[in-house]
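Undergrad: Provide a 3D model corresponding to the input given below.
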Amino acid sequence: MIGILALALLPPFILLCYVYQQDKLQKEPKKNLVKAFIYGGISMYASLLISVPFMHLGLFNKDITSYMDAFRTAFFGAAIPEETAKLVLLWLFLRSCKEFDERMDGIVYAACVGLGFASFENIQYLFAAGTDWVTVGLGRSITAIPAHFGFAVIMGYFFSLHYFDKYRAPGAAIKMWLYPVLLHGTYDWIAMTQNVNPQLSGVIAIAILLLCFVLMKTASKRMKTHLRTDSFYTPKVDQQ
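TA: A predicted model of the protein is given here:
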């Protein structure tokens, strides 16, 4: 049990340390990071409030026998419910967070929420894997965990744009939700096509790794952009 928990939590912890170190101007209190991480765990269960009704409405089902089944399950069973829940919990956390005073902070806290979700999800996957938990854990450490991190950084980037620069970035309000959903749905759709055509497993694995690489590169660029902006301007929150 200890081994499963260690393998499930180590990759998210490494990425949390990474994003924490990137916050070079004014690091956030560690207690806030822990709280945001817990909010992320809560978001995993909150996503069921969306995905279960979607399933009962017939928007997706667990039996994937076609590419369209994979597409519907990827978006209506995973991407839309999960990214919506993450965004709602991120908003709930930040609305009362006095330390949210820099653009980079939005990325840091979104990453905590996203990795909190990924950690709780990872634990479930590894316990469900039985004797294959090491293989599943190692595989997810280079695919699903970095992917969730990438989705979260992009969400946090646009959340901060909307919060601090809404008049200069009017589309950020929808992009903070839409872009993570599109990327998450694409990732899951690629992964789920293996159920339709197992012969493509090698190609699918390469496609997923390439997507994760792009997500990590994009995350790095987004962090540098907000850090550069924060270093030149004093954040000013628009009055409601």
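
Undergrad: what is the rounded mean pLDDT of the host helix or strand of P11?
TA: Here P11, judged by DSSP states H and E, is contained in helix 2-22. Here helix 2-22 scores 93 as its mean pLDDT.

Undergrad: Repeat that for stretch 108-115.
TA: Mean pLDDT, computed over stretch 108-115, is 97.

Undergrad: Same check on stretch 207-227?
TA: Here the average pLDDT along stretch 207-227 is 90.

Undergrad: report the longest helix in the protein, please.
TA: Longest helix in the chain, counting residues (DSSP state H): helix 201-232.

Undergrad: Who are the packing partners of the element among helices and strands of the chain having the smallest mean pLDDT?
TA: Ranked by mean pLDDT, DSSP states H and E, the weakest helix or strand in the chain is helix 201-232, scoring a mean of 88. Secondary-structure packing of helix 201-232 (3 or more CB pairs under 8 Å, 6 or more residues apart in numbering; DSSP states H and E): helix 2-22, helix 103-128, helix 144-165, helix 172-192. From N, CA and C alone the C-beta is placed, and that goes for glycine too.

Undergrad: For the ones you listed, please prepare TSV with the additional fields mean neighbour count.
TA: Below are the helices and strands packed on helix 201-232 laid out as TSV (neighbours: other CB atoms under 10 Å):
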stretch	mean neighbour count
helix 2-22	17
helix 103-128	25
helix 144-165	26
helix 172-192	19
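
Undergrad: Let's have these in a markdown table, adding distance to K221.
TA: Formatted as a markdown table, these follow (distance: least, CB to CB, whole Å):
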| stretch | distance to K221 |
| --- | --- |
| helix 2-22 | 12 |
| helix 103-128 | 11 |
| helix 144-165 | 9 |
| helix 172-192 | 14 |
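
Undergrad: Tell me which of these sits nearest to T73.
TA: Closest to T73 of these, according to CB to CB: helix 172-192, at 6.0 Å.

Undergrad: Against which helices or strands is the closest one packed?
TA: Applying 3+ CB pairs under 8 Å, 6+ apart, we find helix 172-192 packed against helix 67-72, helix 80-94, helix 144-165, helix 201-232.

Undergrad: May I see the buried residues of the last one?
TA: Which is helix 201-232. Within helix 201-232, the residues scored as buried using 16 or more other CB atoms under 10 Å are 204, 207-208, 211-212, 215-216, 218-219, 222-223, 226-227, 229-230.

Undergrad: just these now: which is nearest D63?
TA: Distance ranking of the buried residues of helix 201-232 against D63, using CB to CB, places I204 first at 18.9 Å.

Undergrad: Not counting sequence-adjacent ones, nearest residue to the closest one?
TA: Distance criterion CB to CB, 6 or more residues apart in numbering; nearest residue to I204, sequence neighbours excluded, is Q194 at 5.1 Å.

Undergrad: hang on, the earlier thing: mind checking the helices and strands packed on helix 172-192 for the one nearest to S47?
TA: Using CB to CB, the helices and strands packed on helix 172-192 put helix 80-94 closest to S47, at 3.9 Å.

Undergrad: For that closest one, which outside residues touch it?
TA: The contact list for helix 80-94 (CB atoms under 8 Å, 6 or more residues apart in numbering) reads 35-36, 39-40, 42-44, 46-51, 54, 100, 106, 109-110, 113-114, 117, 151-152, 155-156, 159, 163, 176-177, 180-181, 184-185.

Undergrad: how does it look with 6 Å?
TA: If you take CB atoms under 6 Å, 6 or more residues apart in numbering as the criterion, helix 80-94 is touched by 36, 39, 42-43, 46-47, 50-51, 100, 110, 113, 117, 177, 180-181, 184.
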